[in-house]
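J.: pasting the sequence and the predicted coordinates here, then a few questions.
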Amino acid sequence: MNERVLLAHGSGGKLSHELVAKHFVKELFNPILAKLDDSAVFELSGKLAFTTDSFVINPIFFPGGDIGRLAVCGTVNDLAMVGAIPRYFSLAFILEEGFPIGDLTRIVSSVKATAKEAGIQIVTGDTKVVQKGGCDKIYVNTAGVGSIPDGVAISGANAKPGDKVILSGSIGDHGIAVLSQREGLSFSTELKSDCAPLGGLVSAMLEASSEIHSLRDPTRGGLATTLNELAMQSEVGIKIEESKIPVRAEVRGACEMLGLDPLYIANEGKLVAIVPPDAAEKVLVAMKTNKYGGDAVIIGEVTAEHPGRVVMKTNFGTSRIIDMLTGEALPRIC
Amino acid sequence: MKFVDEYRNSALVAGLTRRIHRISTKNARFMEFCGGHTVAILKYGIRQLVPQNITMLSGPGCPVCVTDNADLDKAIALAKLPGVILTTFGDMLKVPGSYGSLQTARADGADVRIVYSTMDALQIARDNPTKSVIFLGVGFETTAPTIAASVLQAEEERIKNYYILSLAKLCPPVIKALLDSGEVMLDGLICPGHVSAVIGAKPWEFIARDYGIPCVVSGFEPLDILQCIGMLVSQVEAGRSEVGIAYQRGVRPEGNKAAITLMAEIFEPCPARWRGIGVIPGSGLKLRPEFQCYDAEAHFEINPGPSLEAHGCICGDILRGVKTPGECQLFAKVCNPEKPVGPCMVSSEGACAAYYLYGEGV
C-alpha cells in the first residue's frame, strides 16, 4: 500500500477523476460539491465576507494538527474575525509528484473532521501535481465565504480608548509545537498546537454582546504584532500587563532556550477581542464557557495616549514598548 | 518555571531597588559590556528602576556588531565560491557588508545555512563529503571552545572538508583598549556573564587594580543585574574597586578549566580588527599552525575587494560607548531592524536593535 501521487493525477484525465471521486468527493460529500459542475452554485443573502489563505507548513503533520486542519481553521478564523459565520469553502491542493496517497487521505480526513466541527462545507476544489522538487510535498489553499449577521460591525479600526483587551488563552503553543518538530531542532515536548476553528467561540461572544469592536487572531508575528496592527489601524494606544498574559511553562522554557519571545510566536486557535468596558465581563464569561476560550482573560486596555504603540507593564512595574515582529525570529548567537 | 522565576521575583526586585536607592549618593557611570545585558536591561526596564544619579552605558560586547566589514566581506566571498557551504549563526545573515550581506549572497545562489552549534556544521560536512563546509566563527570566549571542540572532532574522524573562518575575539583586551583610549570615563563595569563562565572572574582583576574601576560579573535575569548594580554602587560609595561576582551559580573565579584548555589547544592569540575600534593586539584567536588545514583563509583564495563603511552610520561610536543609538541621525529613520544600515541594528544583542525594540530613544 505504498501508493503515490503521479503527475497523471493532476492531468485532468482518468487518474484525476479517480482521485477526486475516491478521495475528495466521497470524503467531503455534500450535495453542492457532488454536482461536480465547473463552479459550486449556492444561495446566500445579506452582508458576506470572503477570504483566502495558503498553507505551506513544514512539517505537514505536527502535534495537535496537520496541514489539512490548519487550512480549514485558518480560513474559518479569518471569517470569524469580522464576525462572519463561515459557510462555503474551496479547497485546492498542489501536490509534489511521489507524495504518498496515504498521507493525502489522512489530510483529507482531517479536513473533513475540521469542516464538520466548524460547520462549513467544502463545495469546490482543485488539484495540481508538480514534478518532484517543484514544491515541498503539499501546498493547500482554502477560500471561504461567510455571512455577517445584521448589526455586527467588527473591524480592526474600531478600537476606542477605554475598551478592554481580551485574549482567549495561552500564547505561543502552535509556533513552539511546530518548531519542536523541525529538522535539526527537535526537542521533546508534550506541547500541542492550539490549531482550532474559532467560529463557535465568536458566535458565543456575539450572542453575549453585539458590541464587540475588534477581533483578530494572532497568527504569524504573534500577539505583539496583532496588538500593533490594531493600535495602528484604530489610531489608539494599547496598554497590556505582562502578568496577565497566559504562557505555558513548556512554551516559556522553549523560548528561553531558543532566545525567542512568546509575544512573537504564532498561534492558530487564539483571538484578541477589543470590547467596550461595560460589555467586557459578559463577553469574558461567554468565552470561558466555550471549549476554545476556557483561559480567556482581560490583558489590558485601549488608551488615547501613544497612538499606534503598544506598551507593556512588566512584572517589576516598569514599562516597555512592544514593537511588531521584525524579520525572521532568529535564535541568538551566544 | 524553575531556575528562571526565582530570578524574576517582583518582590525581591522591589527590595533590591529600594536598597540601591538607599545607599546610592554619588554620580556614577556604569557600562554593561555585554549585548545580552543591554537587551535584558532594556527588556525589564531596569534603567527605570535605578536612581537618576546612575548613568548606564552600553558597551561593545556583541560579537556580531564588532565584526569588521573587511572580515564580513571575506565570509561573503567564501560563501560565493563554487562547492562551498557556508554555515553561520543566524544573527550574521542580515549584517550588511561592503557589497551585500550573506542573505543577499544566498538569494544570489550561494549555499548559506543557519546552524545552532558547531556540531551542526560538522554534521553538514559529514553529510556533504564532496562540498567544502566552512563555519563562520564569529563569537567571544563563549563560542571559541565550541569551535575548538568541532575541530578536534573533525580531526578524530578525519573529516577533510570542514573549515573555520576564525573571527573569534577576546573580551578583556577590548575593555583595556577602551579604557586606554580615554574616550569613556567609567565608575563601574558590569562584566559579561557567559564569557566569565568560561574565563572566570580573574581576568577582570587588572581593571579593578590598574584603573580603579569596580567590576562585577552579572547574570542575565533582573535580580542578577540589580544585585550587580547594588554591588557596584556599594564599591563606588565606599571608594573601593574590586572584582565581584553577582552570578555565583554560573561563574567561578577560575572559570571553566576544560573550556580554557580546549581553546588553548586549538587557538593562539592574534591581533584582531574590531569594528569602530580598530586593530587590538592579542584580541583575536587564530588556529594554531598544526591545525592550519582547517583554516578557511589559508585554504581558499578570495578577493573580497576594499571594504567600505556605510555613510552616516555611527555603530563604531556606539560600540565604544561614546554615543548612544538615539544620537545617530539614521536611527529609526533610515535604519531599523527590517532595513539595517549597521550591525548594531541587526544583531539581537546589538545596542541599536535593543533600543529600537524596547523603545529607548525613539
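T.: Here it is on my side, so go on.

J.: can you pull the contacts of B:Leu287?
T.: B:Val151, B:Ile164, B:Ser166, B:Ile266, B:Phe267, B:Tyr294, B:Asp295 (C-beta atoms under 8 Å, 6 or more residues apart in numbering or on different chains). C-betas here are computed from N, CA, C, even on glycine.

J.: against B:Ala258, how distant is it?
T.: According to C-beta to C-beta, to the nearest Å, B:Leu287 and B:Ala258 sit 19 Å apart.

J.: list the buried ones in stretch A:149-157?
T.: Neighbour counts over stretch A:149-157 (16 or more other C-beta atoms under 10 Å in any protein chain shown) mark A:Val152, A:Ile154, A:Ser155, A:Gly156 as buried.

J.: who does the residue lying closest to the third one once chain neighbours are set aside form a beta bridge with?
T.: By that I understand A:Ser155. Ranked by C-beta to C-beta, 6 or more residues apart in numbering or on different chains and with sequence neighbours excluded, the top spatial neighbour of A:Ser155 is A:Ser214, at 6.4 Å. When assigned by DSSP bridges, A:Ser214 has beta-bridge partners A:Ile274.

J.: give me the pLDDT for A:Ser214.
T.: pLDDT recorded at A:Ser214 is 98.

J.: my guess is it contacts A:Gly156. True?
T.: Yes: A:Ser214 is in contact with A:Gly156 according to C-beta atoms under 8 Å; the separation is 5.3 Å.

J.: mind listing what the residue most central in space within chain B touches?
T.: The residue lying closest to the centre of chain B (C-alpha atoms, centre = their mean) is B:Cys62, at 2.8 Å. Applying C-beta under 8 Å, 6+ apart, we find B:Cys62 in contact with B:Cys34, B:Gly35, B:Thr38, B:Leu319, B:Pro343, B:Cys344, B:Ser347, B:Glu349, B:Gly350, B:Ala351.

J.: how about A:Lys239?
T.: A:Gly300, A:Glu301, A:Val302, A:Thr303, A:Val310, A:Val311, A:Met312, A:Lys313.

J.: sticking with the third one, tell me its helix or strand.
T.: The one in question is A:Val302. If you go by DSSP states H and E, A:Val302 is part of strand A:297-303.

J.: helix or strand right after that strand?
T.: strand A:310-313.

J.: could I get the phi/psi values of A:Leu198?
T.: phi -100, psi 10 (degrees, to the nearest 10).

J.: any low-confidence regions in the chain?
T.: I went with chain A, as the question did not name one. Chain A contains residues with pLDDT under 70 at A:1, A:183-186, A:327-334.

J.: oops, wrong one, chain B.
T.: Ranges of chain B meeting pLDDT under 70: B:360-362.

J.: walk me through the domains of it.
T.: Chain B breaks down into these domains under automatic domain parsing: B:5-49+B:172-240, B:69-170+B:255-299, B:315-358.

J.: out of these, deepest packed?
T.: Across those, the average number of neighbours (mean count of other C-beta atoms under 10 Å in any protein chain shown) peaks for domain B:315-358, which reaches a mean of 23.

J.: tell me where chain B has strands.
T.: B:28-34, B:54-61, B:84-88, B:111-114, B:132-139, B:162-168, B:188-191, B:215-218, B:243-246, B:267-274, B:278-287 (DSSP state E).

J.: could you dump those to JSON lines with distance to A:Ile245?
T.: Shown next, in JSON lines, are the strands of chain B (distance: least, C-beta to C-beta, whole Å):
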{"stretch": "strand B:28-34", "distance to A:Ile245": "27"}
{"stretch": "strand B:54-61", "distance to A:Ile245": "27"}
{"stretch": "strand B:84-88", "distance to A:Ile245": "33"}
{"stretch": "strand B:111-114", "distance to A:Ile245": "29"}
{"stretch": "strand B:132-139", "distance to A:Ile245": "33"}
{"stretch": "strand B:162-168", "distance to A:Ile245": "39"}
{"stretch": "strand B:188-191", "distance to A:Ile245": "29"}
{"stretch": "strand B:215-218", "distance to A:Ile245": "27"}
{"stretch": "strand B:243-246", "distance to A:Ile245": "29"}
{"stretch": "strand B:267-274", "distance to A:Ile245": "39"}
{"stretch": "strand B:278-287", "distance to A:Ile245": "42"}
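
J.: of all those strands, which lies closest to B:Pro253?
T.: strand B:243-246 (7.3 Å; C-beta to C-beta).

J.: helices or strands up against the closest one?
T.: Strand B:243-246 sits against helix B:205-210, strand B:215-218, helix B:222-238, with contacts defined as 3 or more C-beta pairs under 8 Å, 6 or more residues apart in numbering or on different chains; DSSP states H and E.

J.: go with 10 Å
T.: strand B:188-191, helix B:193-199, helix B:205-210, strand B:215-218, helix B:222-238 (3 or more C-beta pairs under 10 Å, 6 or more residues apart in numbering or on different chains; DSSP states H and E).

J.: I'd like those as CSV, with distance to chain A appended.
T.: Below are the helices and strands packed on strand B:243-246 laid out as CSV (distance: least, C-beta to the nearest C-beta, whole Å):
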stretch, distance to chain A
strand B:188-191, 15
helix B:193-199, 6
helix B:205-210, 21
strand B:215-218, 15
helix B:222-238, 6
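
J.: look up the closest residue to A:Asn58, ignoring the ones flanking it.
T.: Here the residue nearest A:Asn58, using C-beta to C-beta, 6+ apart, is A:Asp136, at 6.3 Å.

J.: now B:Ser218
T.: Going by C-beta to C-beta, 6+ apart, B:Ser218 has B:Cys228 as its nearest residue, at 3.6 Å.

J.: over to B:Ile124?
T.: B:Val133 (5.2 Å).
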